[in-house]
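>>> Structure of the sequence below:
(chains A, B, C and D)
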There are 2 protein chains.
Amino acid sequence: MDDLYRAIADPTRRAILDELVERDGQSLYELCGRLTMKHGIGSSRQAISQHLEVLESAGLVEVRREGRYKFHWFNGQPLRAIAERWPTDRNGA
Amino acid sequence: MDDLYRAIADPTRRAILDELVERDGQSLYELCGRLTMKHGIGSSRQAISQHLEVLESAGLVEVRREGRYKFHWFNGQPLRAIAERWPTDRNGA
DNA sequence: AATATAGGCAAGCCACAGCTTGCATGTCAA
DNA sequence: TTGACATGCAAGCTGTGGCTTGCCTATATT
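As a prediction, this is how the structure comes out:
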């Protein structure tokens, strides 16, 4: 549960989530390319891989290995915990 | 906008938000006491004060100075940005 | 006026997150 | 089978986030 908040605390990881929402099931290399082109992220492949591990341990990304590729899918269900924890209207609970 | 995710990344700050939701308008000293008693947080007053600054810059806490006291109120409105950014159901967008 | 209370400011310390680098592994094509 | 491709593993560096410490300011109490 603590991993969830840490996962979305990093801007690169948030961009990864954005990318996966826009196009689900990308491989690591595909993700690196799109993050560089469309999001201006110049991190190395290893950096992105480490980010994906964090996202996976938070349950926000699901992974499936297929041959020499590793595909990633977005899962927004853990984010519900945030919306359910605190009220979002101005009048409080 | 970046401050929001950083603000809720820390467990002490999340506890502060929990406390303010439960009892709004607490002063700094009151908050320190309750955090120690009910949440098992042994941080110093300065540490809590610094956390409150982060929460305030994220718009999650509003402050009003009154005499020698400083009162704090919870505001969950910025959290909506999270719910609106990514889908929370399993089928994606 | 003197003391106590509630809080502010600033410098310093330390663990860790994010990133890189180098090399190793496994998979597919020719 | 050889080489290119996609990824994994592990050690090291560095900035910074969270915390403490020490001292200062301001408001309230007696």
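>>> how deep is the residue of chain A found nearest DNA strand C tucked in, by neighbour count?
Of all residues in chain A, A:G67 sits closest to DNA strand C, with a separation of 2.3 Å (CB to the nearest atom of the strand). In this view, the C-beta of every residue, glycine as well, is placed from N, C-alpha and C. Neighbours of A:G67 under the rule other CB atoms under 10 Å in any protein chain shown: 5.
>>> Check the spacing between it and A:S27 real quick.
Using CB to CB, to the nearest Å, A:G67 is found at 10 Å from A:S27.
>>> Over to A:W73?
11 Å.
>>> ditto for A:M1
A:M1 is 29 Å from A:S27, where distance means CB to CB.
>>> again, but for A:R85
Counting by CB to CB, the gap from A:R85 to A:S27 is 34 Å.
>>> And for A:H72?
A:H72 sits 7 Å away from A:S27 when distances are taken as CB to CB.
>>> Which one's more surrounded, those two?
A:H72 (21 against 14).
>>> wait, what's in contact with the more buried one?
If a contact means CB atoms under 8 Å, 6 or more residues apart in numbering or on different chains, then A:H72 has A:L20, A:G25, A:Q26, A:S27, A:L28, A:L31, A:L52, A:V61, A:E62, A:V63 as its contacts.
>>> now do 7 Å
For A:H72, the residues meeting the contact criterion (CB atoms under 7 Å, 6 or more residues apart in numbering or on different chains) are A:L20, A:Q26, A:L31, A:L52, A:V61, A:V63.
>>> Could you give the number of residues near the second one?
In terms of burial, A:Q26 registers 22 neighbours under the definition other CB under 10 Å.
>>> Tell me the backbone dihedrals of it, please.
phi -80, psi 150 (degrees, to the nearest 10).
>>> Next: A:C32.
The phi and psi values for A:C32, taken as degrees, to the nearest 10, are phi -60, psi -40.
>>> chain center to the helix or strand containing A:E30, what's the gap?
Assessed by DSSP states H and E, A:E30 sits inside helix A:28-39. For helix A:28-39, the distance between its averaged C-alpha position and the chain's averaged C-alpha position is 13 Å (CA atoms, centre = their mean, to the nearest Å).
>>> likewise stretch A:21-29?
10 Å.
>>> same question, stretch A:31-45
With CA atoms, centre = their mean, you get 14 Å for stretch A:31-45.
>>> Thanks a lot, catch you later.
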